[in-house]
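Compute the structure for the input listed below.
(chains A, B, C, D, E and F)
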Number of protein chains: 4
Amino acid sequence: MAINDVQTLFAKSLDESSLTAKQKAVLRASLTLFSEKGYDHTSTKDIAQAAAVSEGTVYKQFKTKEGILTAILGPFVQQVLPRIATEFLGDVMNTSYPDFADLLRSIVADRLSFALNNRKQLRILAQEMVANAKIIEGFQQQVDRVLPRVFPVIQHYQQQHQLVDWEPSRIARYMISTMMGYVLPVILSDTDTLDVAKASKETTEFLLKGLRP
Amino acid sequence: MAINDVQTLFAKSLDESSLTAKQKAVLRASLTLFSEKGYDHTSTKDIAQAAAVSEGTVYKQFKTKEGILTAILGPFVQQVLPRIATEFLGDVMNTSYPDFADLLRSIVADRLSFALNNRKQLRILAQEMVANAKIIEGFQQQVDRVLPRVFPVIQHYQQQHQLVDWEPSRIARYMISTMMGYVLPVILSDTDTLDVAKASKETTEFLLKGLRP
Amino acid sequence: MAINDVQTLFAKSLDESSLTAKQKAVLRASLTLFSEKGYDHTSTKDIAQAAAVSEGTVYKQFKTKEGILTAILGPFVQQVLPRIATEFLGDVMNTSYPDFADLLRSIVADRLSFALNNRKQLRILAQEMVANAKIIEGFQQQVDRVLPRVFPVIQHYQQQHQLVDWEPSRIARYMISTMMGYVLPVILSDTDTLDVAKASKETTEFLLKGLRP
Amino acid sequence: MAINDVQTLFAKSLDESSLTAKQKAVLRASLTLFSEKGYDHTSTKDIAQAAAVSEGTVYKQFKTKEGILTAILGPFVQQVLPRIATEFLGDVMNTSYPDFADLLRSIVADRLSFALNNRKQLRILAQEMVANAKIIEGFQQQVDRVLPRVFPVIQHYQQQHQLVDWEPSRIARYMISTMMGYVLPVILSDTDTLDVAKASKETTEFLLKGLRP
DNA sequence: GATGAATGAGTCTTCATTCAT
DNA sequence: AATGAATGAAGACTCATTCAT
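Numbers count the residues shown, from 1 in each chain, chains lettered A, B, ... in the order given. All right, here's what the predicted structure looks like:
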């Protein structure tokens, strides 16, 4: 399953990296603080204290404060995101669901779980995307690279008359929008929790209705 | 039409307010700078310069920097938003569209235009909602107050078998999500422009399919 | 009696002055605020509000903030103080108390009352003397001018063997010190009140013992 | 002798404290500047420059500007003052002067020296006491705690008919007042210097006369 | 590698003072 | 005479970043 891969990949980038225990602590503390108080409102002093480390240590590996953000978001955006996309597409292709309904069910459940498991990073990502024009462009580029690879899949089901004959980008938009409708509130307010099973079922039900020919 | 009212209302709150020409310049400059660089990355010195005004003047009316934000977002969230909601519901009720399709077309076109016309404020609102736990709560409260008033309308069309028999909140969620799918990218990246007519048509088409019984 | 003269003199400087009602209000408000929060911690805005007057009005008569202080302390130090000293000496000389004890009783009662009646000004005076090297010099000059005129009186009683044969300045020092011992606590903490009658009696009793030949 | 202890104690609190050389420079510079220009008229920039240190360094140890004041006055009021009082009383009790005259001579010489050696701090203390209601209360509390411990000593000499039969608090008041009469002018105007030997002699002479039965 | 003292530019905010109306 | 909007120079404080130990 892709889900586990996501976590594994991200965990790996922490373990494989030539980071000392203290520097990992810095990253972990930063992840929490950034998602709680936002990047701008987190001082390097805060991070050092939360990581039980001196401020000097914070700057040993990550030359700047933005370096920490990059260390958290960079792999997420530039590696983890595309790679899981590829794997995921491989999954889809290999399994080659005969039914679009089955594919949709798989996609939705997978993505919702992913979002739930990576709430903190996604929250930081959202914060930075909204505050930082540069980040949003980087994200846009990744999306633009990944999305077209999904189009053939969509077209495949359109040819089999299982999907309405709209532009693939439009269909992708609705899929993403509808999932976001469940995910965004959870990311923004840490209070609510998401019943993934129910949400997946509802999302699939609506999308199947709305996207059938 | 509600659209014009929105603009009028907001324009009024600038004109009616006991603000000097210079103070209005402060507000206008802040609106632009906040939406461009974000609230945190805009210094009061920036604002003063952009408004061609001294820093002292900035603080004459708006006691604090946050006061400026409140002056921009406050009316938007606490007055404009609810008021247009009420007016809008009045519109809907009075006109009493016999067809849900007509209602939907009206809603979608209206909301998309509103979003487009208030891009900057919405961008700031998004920034603050993501960065500021308090703002998101205030927004949530407004939503919680307005949304239930829409439910009867939904139920009305359900009884007439024009709408699928799901919970009103779920139906509202999909309507909002789908519209957000068009609006969010425009808000976040000021580059793209939205073809409201086309977007309205597409949104309506999809929602009608997905929400019919 | 000298006491009333003091008040009269000070009141006169308010009434006689070519000040409008509003400007007098400024002076009254300043007197209160300065004595409560100190000169430095009182802003001209505070004064304007407390006097129910615009900031512009504050500056109409008193060109600067220090001008207000001068308007309050100036007459007190440069006119009122010396003048009452003169009058008082005239009193003493004219009445020509045969007994030093009678003179002392008169002096002490008079000065303690004066201090009590002018608490606020004295408090401000104390604040400024301690904070401001210039003020203390001005005060010192006045003291140096007034004090020598008291010496003959002291010497008179020394020649009559009613007063110990110390330097007049030393005798004056003890008289002032002892009275200050009662007055200072009252000035510094507005809470206590002084039983002038009792204090006068005690002070006189001690000084007579300590200063007799 | 208590005198040396005073200096030692205060010097210790500088040396023992975990302060860098630079931080001590900050404290020294502040002590001078505060006593010269007053707390309010000394900016943190002034302090930094006088200490040949960056403003950041000033704030490293002393979180706020008031923190510097506390670092200077705090130990003085809360530790040094009471401790020397205790030690001093120990001195008095142990030595158990048979003659009140001897005790008085000892007290007066000791206190006058102390005042002279701590001019700067006392000047700042005076400034703050007059400007700051809180400081004066803290000081009052210390006085209220220390003074009653002196009363038994006074009563002891009263029983031996060496001291007039007034309330101990009244006797203490005159002792303090008379000493203050010599000390205050020196503290307020840094120009004069005090001939401690002469002042002690005079003070004792007057008090003995004034306080004998 | 790790520390934390040191830096200094930058931030929000206050305030005495001026001036057009 | 009176107003209060406007000014801009400080002021206290923060923070990312560097460097000697």
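
just checking, what packs against the helix or strand hosting A:L208?
In this structure, A:L208 sits in helix A:196-211 according to DSSP states H and E. Helix A:196-211 sits against helix A:100-117, helix A:168-188, helix B:196-211, with contacts defined as 3 or more C-beta pairs under 8 Å, 6 or more residues apart in numbering or on different chains; DSSP states H and E. From N, CA and C alone the C-beta is placed, and that goes for glycine too.

got a markdown table for the ones you listed, with mean neighbour count too?
Below are the helices and strands packed on helix A:196-211 laid out as a markdown table (neighbours: other C-beta atoms under 10 Å in any protein chain shown):
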| stretch | mean neighbour count |
| --- | --- |
| helix A:100-117 | 19 |
| helix A:168-188 | 20 |
| helix B:196-211 | 19 |
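
hang on, A:S169 packs against A:L147?
Yes: using C-beta atoms under 8 Å, A:S169 and A:L147 qualify as a contacting pair, with a distance of 7.2 Å.

returning to that earlier point: among the helices and strands packed on helix A:196-211, which is nearest DNA strand F?
helix A:168-188 (23.0 Å; C-beta to the nearest atom of the strand).

Output the contacting helices and strands for the closest one.
Counting contacts by 3+ C-beta pairs under 8 Å, 6+ apart, helix A:168-188 packs against helix A:100-117, helix A:119-131, helix A:133-159, helix A:196-211, helix B:168-188.

Between the two ends of stretch A:151-170, how far is it?
Counting by C-alpha to C-alpha, to the nearest Å, you get 10 Å between the two ends of stretch A:151-170.

pLDDT of that stretch, averaged?
For stretch A:151-170, mean pLDDT is 92.

What lies in contact with it?
By C-beta atoms under 8 Å, 6 or more residues apart in numbering or on different chains, the residues outside stretch A:151-170 that reach it are A:89, A:92-93, A:99-101, A:103, A:147, A:150, A:171-172, A:211-213, B:202, B:209.

List the buried residues of it.
For stretch A:151-170, the neighbour count (16 or more other C-beta atoms under 10 Å in any protein chain shown) marks A:V153, A:I154, A:H156, A:Y157, A:Q158, A:Q162, A:L163, A:V164, A:W166, A:P168, A:R170 as buried.

Please apply the same query to stretch A:27-43.
Under the neighbour-count criterion of 16+ other C-beta under 10 Å, stretch A:27-43 has A:L27, A:A29, A:S30, A:L31, A:T32, A:L33, A:F34, A:S35, A:G38, A:Y39, A:D40, A:T42 buried.

so which helix or strand takes in the closest residue to DNA strand E within chain A?
With C-beta to the nearest atom of the strand as the measure, A:G56 is the residue of chain A nearest to DNA strand E, at 2.1 Å. According to DSSP H and E, A:G56 maps onto helix A:55-61.

contacts for that helix?
For helix A:55-61, contacts defined as C-beta under 8 Å, 6+ apart pick out A:L19, A:K22, A:Q23, A:V26, A:T44, A:K45, A:I47, A:A48, A:A51, A:G67, A:I68.

Centre of the chain to it, how far?
28 Å (C-alpha atoms, centre = their mean, to the nearest Å).

Kindly report the same for stretch A:122-142.
Its chain's average C-alpha position is 12 Å from that of stretch A:122-142, according to C-alpha atoms, centre = their mean.

what's the answer for stretch A:44-60, then?
27 Å.

Can you list the buried residues in it?
A:T44, A:I47, A:A48, A:A50, A:A51, A:V53, A:T57, A:V58, A:Y59.

Redo those as a markdown table? Include pLDDT.
Converted to a markdown table, the buried residues of stretch A:44-60 look like this (pLDDT from 0 to 100):
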| residue | pLDDT |
| --- | --- |
| A:T44 | 95 |
| A:I47 | 95 |
| A:A48 | 94 |
| A:A50 | 93 |
| A:A51 | 92 |
| A:V53 | 93 |
| A:T57 | 91 |
| A:V58 | 91 |
| A:Y59 | 92 |
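
could these go into a markdown table alongside distance to A:A115?
Shown next, in a markdown table, are the buried residues of stretch A:44-60 (distance: C-beta to C-beta, whole Å):
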| residue | distance to A:A115 |
| --- | --- |
| A:T44 | 29 |
| A:I47 | 25 |
| A:A48 | 30 |
| A:A50 | 25 |
| A:A51 | 26 |
| A:V53 | 30 |
| A:T57 | 32 |
| A:V58 | 29 |
| A:Y59 | 32 |
